[in-house]
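Undergrad: sequence and predicted structure below; questions after.
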Amino acid sequence: MSTYSPRGPRRRYPERRQGGRGEPKPRPIGDRCNPLCPFFRCQKRALRIVTEQYKGRPIKVAMCAWIGDKCIGASCRFAYCEKRAMLPDGRCALAVKAKKGREFEEELMDLEREFGFDEEF
């Protein structure tokens, strides 16, 4: 339902414009960050999602417009996560937390004890 205005059609329910999908979900591959994730960003604004054909089927591929080749993902120096969930080794903290939960926290505590970071900051 739209009404006429001099600037074009006006929507009665602007919140429905996105199709009611709500908050996007992270899409890591295993526990690695994925350039096709909705939270993956490029500081150079060079990330382009294109559709290529693979065995007759369309697939989405992340391309870097800066170098003109496929995006290398988390190993690129300009890559970051909008949710700040990309770990330095390229893993997604949201996937690691969901996958391991308590085990991940215990692993961090073991590393802190190993390197002598026992005291709270």
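TA: Thanks, I have it.

Undergrad: give me the below-cutoff pLDDT ranges for this protein.
TA: Applying pLDDT under 70 to the chain flags the ranges 1-21, 97-105, 117-121.

Undergrad: do you have the strands of it handy? List them.
TA: 2-3, 10-11, 40-42, 47-54, 57-64, 69-70, 79-81 (DSSP state E).

Undergrad: what would those look like in JSON lines with mean neighbour count and distance to Asp89?
TA: To be clear about C-beta, it is placed using only N, CA and C from the backbone, and glycine gets the same treatment. Compiled in JSON lines, the strands of the chain are given as follows (neighbours: other CB atoms under 10 Å; distance: least, CB to CB, whole Å):
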{"stretch": "strand 2-3", "mean neighbour count": "9", "distance to Asp89": "49"}
{"stretch": "strand 10-11", "mean neighbour count": "11", "distance to Asp89": "44"}
{"stretch": "strand 40-42", "mean neighbour count": "20", "distance to Asp89": "16"}
{"stretch": "strand 47-54", "mean neighbour count": "11", "distance to Asp89": "21"}
{"stretch": "strand 57-64", "mean neighbour count": "13", "distance to Asp89": "19"}
{"stretch": "strand 69-70", "mean neighbour count": "11", "distance to Asp89": "21"}
{"stretch": "strand 79-81", "mean neighbour count": "19", "distance to Asp89": "13"}
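
Undergrad: turn these into JSON lines, including distance to Leu94.
TA: Shown next, in JSON lines, are the strands of the chain (distance: least, CB to CB, whole Å):
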{"stretch": "strand 2-3", "distance to Leu94": "38"}
{"stretch": "strand 10-11", "distance to Leu94": "32"}
{"stretch": "strand 40-42", "distance to Leu94": "12"}
{"stretch": "strand 47-54", "distance to Leu94": "19"}
{"stretch": "strand 57-64", "distance to Leu94": "19"}
{"stretch": "strand 69-70", "distance to Leu94": "24"}
{"stretch": "strand 79-81", "distance to Leu94": "9"}
